[in-house]
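>>> give me the fold of what follows.
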Amino acid sequence: ALTSVGGSLDIRSDAKLDALTSVGGSLYIWSDAKLDALTSVGGSLYIWSDAKLDALTSVGGSLDIRSDAKLDALTSVGGSLDIRSDAKLDAGALTSVGGHLLPDAETAKARLEEVARHALADPANLDMRKWHNESGGCGTSHCISGWAVHLAGDDGYKLEREVQQPTAGVILLGVEASKLFYLSNEAARSALHRVLDGKPAL
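Next up, the predicted model:
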């Protein structure tokens, strides 16, 4: 039985690889795959189909999620983390992304509330089409992730240069907030109002 792949692995049809424990390169999952023993991916992991990888503890490169993913044992992502708005990542053990620790729940909540207060203070403050938007002398607007960076000051902009967006937003606001990063302006405003009302954003 196949236990390891030194390079990259591309799964485009239903696959049952029960004994596979490691992929040295990148892993692309386009279809349902049974990878119960997989513990590490050395490169990047791209998930375009619902995936349940119970034993996976680390991804050396980036993690790109376009569908629902259950990664209960995942503790670290070495590169960027990008979760599209129609996807869901269930990774309660994840503690670091891009070499940075993720905030605890209370810190993430407080930061998102601060973002909501600033973004909703004026309708012109929120622009979900750009991380940061300085135009025509009208002041600066940001998306949700961009506001998190802006409010973190020099440290936030340094982080953004290091890991880029949306990963900087994930590191500052936590994984749960990342589902807000691709919303429309209207949907984002509604979500931020719910945050200030003490309700779940989505």
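>>> lowest-pLDDT helix or strand in the protein?
Across the helices and strands of the chain, mean confidence by mean pLDDT, DSSP states H and E is lowest for strand 132-134: a mean of 82.
>>> got the buried residues for the helix or strand just after it?
Per DSSP states H and E, the first helix or strand lying C-terminal to strand 132-134 is strand 140-142. If you call a residue buried by 16 or more other C-beta atoms under 10 Å, then strand 140-142 has these buried ones: 141, 142. Where you see a C-beta, it was placed from the backbone N, CA and C, and this is true even at glycine.
>>> what's in contact with whichever helix or strand comes after strand 140-142?
Per DSSP H and E, the first helix or strand lying C-terminal to strand 140-142 is helix 144-151. If you take C-beta atoms under 8 Å, 6 or more residues apart in numbering as the criterion, helix 144-151 is touched by 111-112, 114-115, 118-119, 126, 128, 130-132, 140, 142, 156-157, 159-160, 165-166, 168-170, 172-173, 177, 180-181, 183, 188, 192.
>>> then stretch 21-34?
Contact partners of stretch 21-34, identified using C-beta under 8 Å, 6+ apart, comprise 3-18, 37-51, 55, 61.
>>> can you do 6 Å?
For stretch 21-34, contacts defined as C-beta atoms under 6 Å, 6 or more residues apart in numbering pick out 3-16, 37, 39-49, 51.
>>> what's the PyMOL line that selects buried ones from the contacts of helix 144-151?
If you want just the buried ones from these in PyMOL, going by 16+ other C-beta under 10 Å, the selection is:
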select buried, resi 111+112+115+118+119+126+128+131+132+142+156+159+160+165+166+168+169+170+172+173+177+180+181+183+188+192
